[in-house]
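In: Please work out how this folds:
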Amino acid sequence: MFRTNLEFLEEMFPGGNYQEYQILVINQTDQDKELVASSKNLRVINTLERGLSNSRNMALQHAIGEICLFADDDVRYIANMDQVVVNAFAKAPSASVMTFQA
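Out: As a prediction, this is how the structure comes out:
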């Protein structure tokens, strides 16, 4: 929220390797501080609306993946986070929602 660039993605993913994922950033911002996607795997939606539920609902409306992972911009993923998520859904194939703890 209120970011001026997308550098936080480098810190979120181990080794800054976020290019492997389809990423949607919901940027709650002011009109003159919009972010622009910098790569093909990245989409940014700038919104003047505030609130966690608003941004998560917006993310759901624009999601294109089979598995959607919600995270705040200060999250730091572990190196094998993608395998942890895939394995969790494989163990519970009828699950629609899962939560994880750090």
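In: Quick one: the helices in the chain, in order.
Out: Ranges of helices in the chain, per DSSP state H, are 8-12, 52-62, 81-91.
In: Which secondary structure elements does the least confident helix or strand in the chain by mean pLDDT sit against?
Out: When each helix and strand of the chain is scored by mean pLDDT, DSSP states H and E, helix 8-12 comes last, with a mean of 88. Contact partners of helix 8-12 among helices and strands, from 3 or more CB pairs under 8 Å, 6 or more residues apart in numbering; DSSP states H and E: none. C-betas here are computed from N, CA, C, even on glycine.
In: Need the per-residue pLDDT for M1.
Out: We have a pLDDT of 60 for M1.
In: and A79, what is it in contact with?
Out: Counting by CB atoms under 8 Å, 6 or more residues apart in numbering, A79 touches 14-15.
In: Quick check: chain neighbours aside, which residue is closest to I23?
Out: Excluding the flanking residues, the one nearest I23 by CB to CB, 6 or more residues apart in numbering is L42, at 5.0 Å.
In: Just give the number of residues close to the one you found.
Out: By the criterion of other CB atoms under 10 Å, L42 has 18 neighbours.
In: ditto for D72
Out: Neighbour count for D72, taken as other CB under 10 Å: 9.
In: Could you measure from it over to K40?
Out: Distance from D72 to K40, counting by CB to CB, to the nearest Å: 24 Å.
In: With D32 instead?
Out: On the measure of CB to CB, D32 and K40 end up 26 Å apart.
In: Go through the helices of the chain and name the closest to V36.
Out: Nearest of these to V36, taken as CB to CB: helix 8-12 at 13.4 Å.
In: And for that closest one, what's in contact with it?
Out: The contact list for helix 8-12 (CB under 8 Å, 6+ apart) reads 16, 18, 23, 25, 42, 71, 73-77.
In: switch the cut-off to 7 Å
Out: 16, 18, 23, 73, 75-77 (CB atoms under 7 Å, 6 or more residues apart in numbering).
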